[in-house]
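Trainee: Predicted model, plus sequence, below.
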Amino acid sequence: MAAIALVTGASGGLGQALVRELRREGWTVALAGRSLERLQTAFGVEALCIEADVSTPEGARLAVESCQREAGLPTALAQCAGTTLLSPLHRTTAEMYRACVAANLDSAFFMLSAFVDALREARQPGAAVLVSSVVARIGVANHEAIAAAKAGVEGLTRSAAATYAPSRIRVNAVAPGIMDTPAVARIIGNEAGRAGAAKQYPLPGIGDPADLARLMAWLLSDKAGWITGQVWAMDGGFSSVRPLVK
């Protein structure tokens, strides 16, 4: 029987890339998102699509229970649900902030909790990969809310990895730089914006979600079986290398 992975935020740019990668590697993949229509448009009506708002504990449990009922216990979780928010602190309303935290940190917390509960009840090992961001690792102007939310994701990753290592449940995260996905289309949607973003990175360019998907799939696999509590940067050197100023 093929291993079963649950991917949240599956209709987004990263989620779609990861689903394709996992399927190529032989996984059975369950797809979760807030819009059943968007999931079915992306993957077809025959795919195992689960409509759930995983930023709530009820929605997170629904995603895991639906996967378990329709395909079996997921032993891998890819928490791709999230949004981005480009806004300085003084222009970020309370509603904008709470929506950002709910989409990025609450979804990670509740989804990981539901996943771990199911594995522990079944006494099964497993692996989860959460998604942080370069802006949680280095200060970038006008990203205060998303930076705070993603920094929380990194803290959650390390603490949960420590708690559940005895249960053989691994928890890691990835921290990408800007990726060529619809979520950042308004930033890189024109030639000038794309060129400006690309110049910020020591390795110039915009990240390919397919590359990040391969890293996430590897972290979920047995090939990374002795890795937990790590945050893997894929950011063209942005968080650790000073770019050459020309």
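Mentor: Nice, I can see it. Predicted model, so just to flag it, every value in this text is computed and none were measured.

Trainee: what are the pairing partners of the longest strand along the chain, and which direction each?
Mentor: Counting residues, the longest strand found in the chain (DSSP state E) is strand 169-176. In the sheet, strand 169-176 lines up against strand 126-131 (parallel), strand 231-234 (parallel) (DSSP bridges).

Trainee: now, of these, which is deepest in the fold?
Mentor: The highest average neighbour count among the strands paired with strand 169-176, using mean count of other Cβ atoms under 10 Å, belongs to strand 126-131 at a mean of 27. Where you see a C-beta, it was placed from the backbone N, CA and C, and this is true even at glycine.

Trainee: can you list the residues that contact it?
Mentor: Residues outside strand 126-131 that contact it (Cβ atoms under 8 Å, 6 or more residues apart in numbering) are 14, 74-80, 82, 108, 112, 115-116, 119, 153, 156-157, 160, 168-174, 176, 216, 219-221, 224.

Trainee: of those, buried ones?
Mentor: The neighbour-count test (16 or more other Cβ atoms under 10 Å) applied to the contacts of strand 126-131 identifies 14, 74-80, 82, 108, 112, 115-116, 119, 153, 156-157, 160, 169-174, 176, 216, 219-221, 224 as buried.

Trainee: Now go through these and say which are in helices.
Mentor: 14, 108, 112, 115-116, 119, 153, 156-157, 160, 216, 219-220 (DSSP state H).

Trainee: how about JSON lines for these, with pLDDT added?
Mentor: Listed next are these as JSON lines, based on pLDDT from 0 to 100:
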{"residue": "Leu14", "pLDDT": "96"}
{"residue": "Ala108", "pLDDT": "98"}
{"residue": "Leu112", "pLDDT": "98"}
{"residue": "Phe115", "pLDDT": "98"}
{"residue": "Val116", "pLDDT": "98"}
{"residue": "Leu119", "pLDDT": "98"}
{"residue": "Val153", "pLDDT": "98"}
{"residue": "Leu156", "pLDDT": "98"}
{"residue": "Thr157", "pLDDT": "98"}
{"residue": "Ala160", "pLDDT": "98"}
{"residue": "Met216", "pLDDT": "98"}
{"residue": "Leu219", "pLDDT": "98"}
{"residue": "Leu220", "pLDDT": "98"}
